[in-house]
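Novice: what's the 3D shape of this:
(4 chains)
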Protein chains: 4
Amino acid sequence: MTGNTFGQFFKITTWGESHGRAVGVVVDGVPAGLEINKELVENELKRRRPGQSSVSTPRKETDEVEILSGVFDNKSTGTPISMLVWNKNANSSSYEHLKNLPRPGHADYFYLKKYGIRDYRGGGRSSARETVGRVAAGAIAKALMETYGIKIVAHVLELGGIKAKKLEFDKILNNLEKTPLRCADLDAAEKMREKAEHARDMGDSIGGIVEIVVKGIPAGIGEPVFDKLDADLSKAIMSIGAVKGVEFGSGFESSKMYGSEMNDSFVIENGEVSTETNNAGGIIGGLSTGMPIICRASVKPTPSISKIQKTVDLSTMTETEISVKGRHDPTIPPRMVPVAESMVALVIAEHMIRSGYIDPDSLM
Amino acid sequence: MTGNTFGQFFKITTWGESHGRAVGVVVDGVPAGLEINKELVENELKRRRPGQSSVSTPRKETDEVEILSGVFDNKSTGTPISMLVWNKNANSSSYEHLKNLPRPGHADYFYLKKYGIRDYRGGGRSSARETVGRVAAGAIAKALMETYGIKIVAHVLELGGIKAKKLEFDKILNNLEKTPLRCADLDAAEKMREKAEHARDMGDSIGGIVEIVVKGIPAGIGEPVFDKLDADLSKAIMSIGAVKGVEFGSGFESSKMYGSEMNDSFVIENGEVSTETNNAGGIIGGLSTGMPIICRASVKPTPSISKIQKTVDLSTMTETEISVKGRHDPTIPPRMVPVAESMVALVIAEHMIRSGYIDPDSLM
Amino acid sequence: MTGNTFGQFFKITTWGESHGRAVGVVVDGVPAGLEINKELVENELKRRRPGQSSVSTPRKETDEVEILSGVFDNKSTGTPISMLVWNKNANSSSYEHLKNLPRPGHADYFYLKKYGIRDYRGGGRSSARETVGRVAAGAIAKALMETYGIKIVAHVLELGGIKAKKLEFDKILNNLEKTPLRCADLDAAEKMREKAEHARDMGDSIGGIVEIVVKGIPAGIGEPVFDKLDADLSKAIMSIGAVKGVEFGSGFESSKMYGSEMNDSFVIENGEVSTETNNAGGIIGGLSTGMPIICRASVKPTPSISKIQKTVDLSTMTETEISVKGRHDPTIPPRMVPVAESMVALVIAEHMIRSGYIDPDSLM
Amino acid sequence: MTGNTFGQFFKITTWGESHGRAVGVVVDGVPAGLEINKELVENELKRRRPGQSSVSTPRKETDEVEILSGVFDNKSTGTPISMLVWNKNANSSSYEHLKNLPRPGHADYFYLKKYGIRDYRGGGRSSARETVGRVAAGAIAKALMETYGIKIVAHVLELGGIKAKKLEFDKILNNLEKTPLRCADLDAAEKMREKAEHARDMGDSIGGIVEIVVKGIPAGIGEPVFDKLDADLSKAIMSIGAVKGVEFGSGFESSKMYGSEMNDSFVIENGEVSTETNNAGGIIGGLSTGMPIICRASVKPTPSISKIQKTVDLSTMTETEISVKGRHDPTIPPRMVPVAESMVALVIAEHMIRSGYIDPDSLM
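Specialist: Next comes the predicted model:
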């Protein structure tokens, strides 16, 4: 496998399996002089941690991070920042019986086709635990972006078909962490919780939609041909397990609109050129428009369910049944929120450096 | 600007502006021994060419390709293949009055913010003419894939809200080029044509949805973390101008499904492991499943419309109006079909080489 | 073949064979606003052109460049700059008899091993004609560097064992083009000419040493681990055909020195930190020191010689003899000077952008 | 800083400072199924470890490696292999007084120019301790190469001007580890030891030449334009601190040879095409010839010497003196041997995968 590195200018390399010794990340390309400490990173790791509520797995992960390099006197030095989180509380024996039974909706069988060998303990590298490295790196990218006035926030927009009301950015920010659902519409959140619990009780799971909003990005960021800002964001978001679709601004709706509806008219606002609407979702021709970036990801229901499903026994090549026991989230979107923010932050940091807005060597 | 190169193993670099001397592409990474000739490339270029029907611009482009290197005795030699198409029939003077009037829905103003200078003749580098290079390269990627039994077909699934019926792959293949709409449901195609013509007559435009299907890809292709096959495909497709969303398999629908509905059960078929359904759209955990890859792109309505729109005059910084005259497609999806096929072919070729299925040096 | 692209931030992709239709290059990453015209590029192409004197091949190449994209009103626009030079006066028939006879010192046989097919006309892609693209791109890189006060000059330091005297930078600059030898020590140049002509008359060839000097580069440019400035320069220079060694500052001599002799002491000069000597050749720990960069390349004698050599006939797998007729340079270094300058300019431009000294988007 | 990643197909990312918590590496691109265990890696780490003899620093580093991911049941799984070595016995206080005194021959001052901040404890990231990650990764690359019959061996060819006799490959292999000098000519080794000890006693240091030999590589490996095998090897070797020159085969000597002497004639040997001599050092036109690759690196004397040297005090910007106390190697080449082997192994592994000789996913 290669493909464990993301980015060129703000580059991360993640490593680790769910039931290996540890998981971690090396972040290369952080300019010198950024304030970094354990708390900054752990605050984000806490948000992705399971065991927080009835809508997430009761597994406990303390997820204490060790920052092993690249930071001196709480400041980045310009050298690569290596971070790791030890794996604890990982009971591999519960996976032994799955060795020959590929779980539907999981990559188990396809890993085997690719590598001829598979670490069958808990999904191995394809486990959601891999996102620990993404979120640790994302914490740094977000901190870097905030020094440039750029705020990146994700929230649950829809869960199991229940839609949240459209809310202002500040309201989203304010309500985001009020419930474990990470849905800013608190009424909708309550209904989502009920639906998720119901699915869990049935041995089933539900999906949803996560929306990511970026405020404060200047106009003209991105590269206009292949490395379009929305192209890179799409790759980043589709690289998160369970995401099956991504859209910007009016997204799939735009396929039904007239040009005269879709186009965002140019206007003068406070002496500056701006657009009247934001159907584009903040990106046109691969370049940021200066309006907020609005991006939505469709997340499939958790594939690990205890309901009986059909599968095959690879040792005998016969059809059989499987029930995926264990501690699994009945729905993914609430815990995906910090992962989505992280991936978006990485892409924005990358393009801000690449476009020359941030000195790649030093903030000092 | 950088970002004009796509791929690492099957790598293309496109260049050229709509009203410059020529447009072209360098294709690097074609193994030696592939049959390549002018016709192969021009057959695909013809498909993207305007002036073909009432639903595309009446501009004439002959688009004769010159293959300048990398082919000897009609066979690739392993060296880079450089191709160009001269620009003709380009009337730049019609753009002179747009110099200071950014067109809504276009990247004009954002280029200016990025570069401080802009080739205002017909969109310059952000023009759809840039896709000539993509399609020429895609023709080679598709030919390479066909030698491995992989077929890549795109078609118009929806236009201006009119949906095509779901059809079998062979039916799609058979009907694809029967109408300029490139919709395999011929009844729907007729309604789409009417809607597009009506929009054009109103000085307006419509959007739609393009679906891309890949058949014959083996299981286990892709890289399971950041360079997931669907992540790379998403980037490729979102890098096409006017695309605002992308989804695989059940896509955005999957957000509303239960896990027990969404998961594709494993079954034995002809002695091989297969899946009963294909909600995944042929990709799980970033790896191909062996089922057809199903991908859909939402395409916004053509931004160039003759209807009056609001804009600003950059020379005076005052609000004004604009009507984008000229020969523009009333809808983009039919002409995007070969571009979408090309981008998908490039990604599949990349990953087939990267996974070791194709010898990178030679087919001989 | 891949590997026809060099650089990430100032990226070039070359293409073309010696006896194909044309050779060329796409330059991606030139910031908008740089003055570029045909003369700028052709002045450098003229310097690498053969047929200039008794010490180079009498082949005539006019090498008129066509700039096909990326320049508008004589200024770069930030989009990729595509340039080509048509191949003329290429007599392929003279190579027909070499189809099965690999030339000693050439890559002919090893291409065949790699690709299973070979464009045997005049070396194909491995011909020195490939450097046309490098020099055209280098002309732009050098022009960009000069706007930042950085001057890059190569000269012949030794030829056939005849050493030039050590001269001041200005003297080198002044004398460089006075003789076709491109040796600034005019007495030595005369002896070199005699030696090269004598070798030619014997059906033989000689090698030499090219030195490249970079003045005006600020301190702290480069990346200190793998992408050290001297590591990247070494790759760039070793990628020129016929180079067999590269060294910086005291180079191979430094292996015989004591630490107390080799270390360049720090001193204060005009209120700035500087070094007393420059044994490091302007680079320490992969970073520029602010002193001139001094780099030397060892160039082997031209492998194409008319003297009888042993080779094998691949069609019969028997040993035989070969005499490489045709118009070949009796020595390479004088014509390599602009190629070496170009490769160095590309690396310096790359690192100046990468270190944030140059805005990647625009000079305006 | 970026530039801590090397390779694309067999990719390593190193991290860590000499006086930070740990140093380490992530290796991405190891095919599944390779035997890997702690001993394999530690055997190589032992070779680079200081404290082994009178010619290396008496510092003690136990260098126990932790393999944190990518290995299951002693076999690589195809996922990234993360390894770390904790830093112990690191006395940072001895560096406090150097905070404002840049050491001649070191990168201290140039880091400060680049980053505006510097981890002044023992060289930080520019310390030789960074090579722990290279050697750990190199151990895996060498093991992979050995399964393909490729052997990579470095040895000290010259030290302080004392030259070793030219010896057969097997003799080099046999004698290599017999003395701490890693010079296969044992008489020369004894003289080198005396010279190194004498230099150390004078508070000084000496340099030398390391030769690397690769046996068993097939013909046709490499990419013939920019990513020539010798170009990539040059970058790899020049990226090792203290290397000031690199050459292949006849190297700098070839600049003084005639073409008729330099060219390696083709002959038939055991029914195969081979060359009679190996002046090329196993690489022509960027491709391996099938003959052994012969590469030499010139290594400068250790810059850390206790002899008084001139430097400047950055806090007062006045000239002053410095004596670099502490436990330093009087000469670098003997300890560089495993580092040089590692860098070469990485490049060879990269190109073997890239050329399609090794399945990138799996050996199984």
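
Novice: Show me what whichever strand or helix holds A:V213 is packed against.
Specialist: Take DSSP states H and E as the rule and A:V213 turns out to sit in strand A:208-215. For strand A:208-215, the packing partners by 3 or more Cβ pairs under 8 Å, 6 or more residues apart in numbering or on different chains; DSSP states H and E come out as strand A:151-159, helix A:169-175, strand A:293-299, helix A:333-354. Any C-beta I mention is one placed from the backbone N, CA and C, and that applies to glycine too.

Novice: repeat that with 6 Å
Specialist: If contacts are counted by 3 or more Cβ pairs under 6 Å, 6 or more residues apart in numbering or on different chains; DSSP states H and E, strand A:208-215 sits against strand A:151-159, strand A:293-299, helix A:333-354.

Novice: Up against chain B, what does the stretch 101-250 of chain A have?
Specialist: A:102, A:104-105, A:107, A:110, A:113-114, A:126, A:161, A:204-205, A:207-209, A:219-220, A:223-228, A:230-231, A:234-235, A:238-239, A:244-245, A:247-248 (Cβ under 6 Å from any Cβ of the partner chain).

Novice: I only care about those that end up buried; give me the ChimeraX line for that.
Specialist: Those of those that count as buried under 16 or more other Cβ atoms under 10 Å in any protein chain shown are selected in ChimeraX with:
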select /A:102,104,105,107,110,113,114,126,204,205,207,208,209,219,220,223,224,225,226,227,228,230,231,234,235,238,239,244,245,247,248
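
Novice: The residues of the stretch 101-250 of chain A next to chain B in strands, which ones?
Specialist: A:G208, A:I209, A:K244, A:G245, A:E247, A:F248 (DSSP state E).

Novice: any idea which of those is closest to chain C?
Specialist: Comparing those against chain C with Cβ to the nearest Cβ places A:F248 closest, at 22.4 Å.

Novice: just for the stretch 51-200 of chain A, where's the confidence low?
Specialist: Low-confidence segments of the stretch 51-200 of chain A (pLDDT under 70): A:51-52, A:57-61, A:89-94.

Novice: Can you list the residue ranges for strands in it?
Specialist: In the stretch 51-200 of chain A, the strands defined using DSSP state E, counting those that start in this stretch lie at A:65-67, A:71-72, A:75-76, A:81-86, A:151-159, A:162-163.

Novice: residues making contact with the last one?
Specialist: Outside of strand A:162-163, the residues within contact range by Cβ atoms under 6 Å, 6 or more residues apart in numbering or on different chains are A:A188, A:K191, A:M192.

Novice: Neighbour-wise, give me the winner out of those residues.
Specialist: Highest neighbour count within these, by other Cβ atoms under 10 Å in any protein chain shown: A:M192, with 30 neighbours.

Novice: got a list of what that one touches?
Specialist: A:M192 sits next to A:L159, A:I162, A:L181, A:C183 when contact means Cβ under 6 Å, 6+ apart.

Novice: Just give me the neighbour total for the second one.
Specialist: I take that to be A:I162. A:I162 has 23 neighbours, counted by other Cβ under 10 Å.

Novice: my guess is A:L363 meets A:I36, correct?
Specialist: No - taking Cβ atoms under 6 Å as the definition, A:L363 is not a contact partner of A:I36, at 11.6 Å.
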